[in-house]
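**Student:** sequence first, predicted model second:
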Amino acid sequence: MTEMVLETDGLTKYYGNKLALDHLDLKIPQGCICGFVGRNGAGKTTAIKLMLGLLKPTAGSSRLLGCDSQELTAESRQRIGYVTEGHRLFNWMTINELEQFQRAFFPGQWDDQLFADMIEYFSLPKNKKIKHFSNGQRAQVSLALTLAPNPELLVMDDPTLGLDAAIRRQFLEGMIELIMRRNRTVFFSSHILGDVERVADIIVVIDQGILRANCSLERFRAAVKKVIFSFKDSAPPKVDIDGLLNCKRSKGELELTLVGIDDEKIAEWAQSAGAEKYRIVKMNLEDQFIEFTASSGRRRLFKWERT
Amino acid sequence: MALWVQISPGSGDPIYVQIVEQIGEAIAMGELAAGDKLPSVRKLAAKLVINPNTVVRAYRVLEQAGLVNTKTGSGTFIGGPKLRSGDEADINILAERMDTLLAQGLNLGLEARDLIAMFKGRIGRFVNKKTSGKKK
């Protein structure tokens, strides 16, 4: 059995009477990079804060590295790296001071060389106070501070929000570098689907607080597809396919976005519906995500077993 | 290793497919010859900034297609032609893809003999390059 480094069980959060997260059940195995995606306000930050014990759940529970999120000990926290949205750092400190401060929390596991190399690689000024740094530079400092203690589990909440392509790439490099060490796991949220596609092996999609997908990225890529059916004379029939996400009709044509329907089923349906011909259109991850989260079957939960 | 793989996330093809196609093309063009070693999984993953498992997946597909073989502990190598299977399903897929190209050609107003001439010319680039590559 692979060890689960991140588990949530019916994790639920209300803000007043607004439901932000609705019974999230997740199991993330050790050794993967998991991309956590969802539209603005879908509940990603809430979920991450609950996982880290920074918020109290209304119901349910979560565990990081086998330890209840609400009772994370200093020891467990040492094994977890956390990067927040916006990279909040102490403004009055210099990089050297920040390193001294941060290193004290990670006795015996701080990689001085890695930290120095990263600061050098980013050409960051060591004696300037953080308040004089640009957003990109703050993000770079934050990345170095997070990777230096060699975390077993790295959780990042939209770490590249508003950053340029070069710095975004450095974050991806950091994740790849970390995951190539033994038994490391990364869980990160992002709106940049191209970044998720590059580095993630698992994709978790939430929408309006509800888990919509939790599977390998490859499986998601293969599962969501668009098919265009052409009808010669007959009007397109009523569509009653199980995995229907979206349906657009025009004269003599039917455009369906489907999930989890294999090509043979599509062929069968085309025949029974009397379609003259049909075409399966290649979709990129961004299109798949947009169609997937815009679907009318919102309440339906598509949760696949990981392969 | 003069292997040049370029991936573009956001395309309709999964990243592992892009790697498989580019390495496949390099083999067909003779840029990679039997016995050549592919970069290690870690090296290619770091270079392309992609998940190492994606490289593993790509190498596995190449291996199933008989284009490479992996020797445990020493790496992944380009295989000789006799390894290649010529699986019937793969040949059918190839035939379908040819149909797409032929349709495009005919729609451009080319005739059958133009297409055949073009085909001969293009395939020459692969075959000639490969034999001349071996002499070096």
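**Tutor:** Received it, and whenever you're ready, just let me know what you need.

**Student:** and what about A:Leu6, helix, strand or coil?
**Tutor:** strand (DSSP: H, G, I helix; E, B strand; the rest coil).

**Student:** next up, the contacts around it.
**Tutor:** A:Leu26, A:Lys27, A:Ile28, A:Cys34, A:Met51, A:Ser62, A:Arg63, A:Leu64, A:Leu153, A:Val155, A:Thr185, A:Phe187 (CB atoms under 8 Å, 6 or more residues apart in numbering or on different chains). Where you see a C-beta, it was placed from the backbone N, CA and C, and this is true even at glycine.

**Student:** so which of those sit within strands?
**Tutor:** Secondary structure from DSSP state E places A:Leu26, A:Lys27, A:Ile28, A:Cys34, A:Ser62, A:Arg63, A:Leu64, A:Leu153, A:Val155, A:Thr185, A:Phe187 of the contacts of A:Leu6 in strands.

**Student:** how about the contacts made by the last one?
**Tutor:** Contacts here follow CB under 8 Å, 6+ apart; on that basis A:Phe187 touches A:Leu6, A:Ile28, A:Cys34, A:Phe36, A:Ile48, A:Leu153, A:Leu154, A:Val155, A:Met156.

**Student:** which one among the residues you listed gets closest to chain B?
**Tutor:** The nearest member of those to chain B, counting by CB to the nearest CB, is A:Cys34 at 10.7 Å.

**Student:** go ahead and flag the most central residue of the chain.
**Tutor:** Going with chain A. A:Phe36 (1.4 Å; CA atoms, centre = their mean).

**Student:** please refer instead to chain B.
**Tutor:** Central residue of chain B (CA atoms, centre = their mean): B:Gly24, at 1.2 Å.

**Student:** distance of that residue from chain A?
**Tutor:** Using CB to the nearest CB, to the nearest Å, we find B:Gly24 at a distance of 18 Å from chain A.

**Student:** ok, that residue - contacts?
**Tutor:** B:Leu62, B:Ala65, B:Leu67.

**Student:** can you check A:Ile206 too?
**Tutor:** Counting by CB under 8 Å, 6+ apart, A:Ile206 has contacts A:Leu21, A:Leu24, A:Phe36, A:Val37, A:Gly38, A:Ala42, A:Gly43, A:Lys44, A:Ala47, A:Arg212.

**Student:** off-centre distance for stretch A:270-286?
**Tutor:** 29 Å (CA atoms, centre = their mean, to the nearest Å).

**Student:** what do you get for stretch A:46-57?
**Tutor:** Worked out by CA atoms, centre = their mean, stretch A:46-57 lies 16 Å from the chain centre.

**Student:** where along chain B do the strands fall?
**Tutor:** For chain B, the strands defined by DSSP E cover B:68-71, B:75-78.

**Student:** which of the ones you listed sits most buried?
**Tutor:** Among the strands of chain B, ranked by average contacts under mean count of other CB atoms under 10 Å in any protein chain shown, first place goes to strand B:75-78 (a mean of 18).

**Student:** tell me where chain B is predicted with low confidence.
**Tutor:** B:1-3, B:82-86, B:127-136 (pLDDT under 70).

**Student:** now the stretch 151-300 of chain A
**Tutor:** In the stretch 151-300 of chain A, residues with pLDDT under 70: A:295-300.

**Student:** tell me the residue of it that sits nearest chain B?
**Tutor:** Closest point on the stretch 151-300 of chain A to chain B, by CB to the nearest CB, is A:Lys282, at 3.1 Å.

**Student:** which phi and psi does B:Met29 have?
**Tutor:** phi -80, psi -10 (degrees, to the nearest 10).

**Student:** helix, strand or coil: sort out the residue nearest to the centre of chain A for me.
**Tutor:** What three-state DSSP gives for A:Phe36 is strand.

**Student:** burial check on the residue lying closest to B:Pro14 once chain neighbours are set aside, number of neighbours?
**Tutor:** Excluding its sequence neighbours, the residue lying closest to B:Pro14 (CB to CB, 6 or more residues apart in numbering or on different chains) is A:Arg221, at 5.1 Å. A:Arg221 has 23 neighbours, counted by other CB atoms under 10 Å in any protein chain shown.

**Student:** kindly indicate whether A:Leu256 is helix, strand or coil.
**Tutor:** Once three-state DSSP is applied, A:Leu256 turns out strand.

**Student:** since we're on it, how many residues are nearby?
**Tutor:** 23.

**Student:** returning to what we had before: what residues does the residue nearest to the centre of chain A make contact with?
**Tutor:** Here A:Phe36 is in contact with A:Lys44, A:Ala47, A:Ile48, A:Phe187, A:Phe188, A:Ser189, A:Ser190, A:Val204, A:Ile206 (CB under 8 Å, 6+ apart).

**Student:** neighbours around the nearest residue to the residue of the stretch 151-300 of chain A closest to chain B once chain neighbours are set aside, how many?
**Tutor:** Spatial nearest neighbour of A:Lys282, chain neighbours left out: B:Gly12 (3.1 Å); criterion: CB to CB, 6+ apart. If you count neighbours by other CB under 10 Å, B:Gly12 ends up with 13.

**Student:** ok, B:Gly12 touching A:Ile280?
**Tutor:** No. Between B:Gly12 and A:Ile280 there is no contact under CB atoms under 8 Å: 10.8 Å.

**Student:** identify, from the ones in strands among the contacts of A:Leu6, the entry nearest to A:Gly10.
**Tutor:** Nearest to A:Gly10, judged by CB to CB, of those is A:Ser62 at 9.5 Å.

**Student:** could you measure from whatever residue of chain B ends up closest to chain A over to A:Ile203?
**Tutor:** Closest to chain A within chain B is B:Gly12: 3.1 Å, counting by CB to the nearest CB. As judged by CB to CB, to the nearest Å, B:Gly12 and A:Ile203 stand 17 Å apart.

**Student:** do the same with A:Glu99
**Tutor:** A:Glu99 is 34 Å from A:Ile203, by CB to CB.

**Student:** the more surrounded of the two?
**Tutor:** A:Ile203 (24 against 21).

**Student:** sorry, back to before: closest one of the contacts of A:Phe36 to A:Pro125?
**Tutor:** A:Phe188 (27.5 Å).

**Student:** beta-bridge partners for that closest one, please?
**Tutor:** Counting by DSSP bridges, A:Phe188 is bridged to A:Gly35, A:Met156.

**Student:** thought it was touching A:Cys32?
**Tutor:** No. Look at A:Phe188 against A:Cys32 with CB under 8 Å: they stay out of range, at 11.4 Å.
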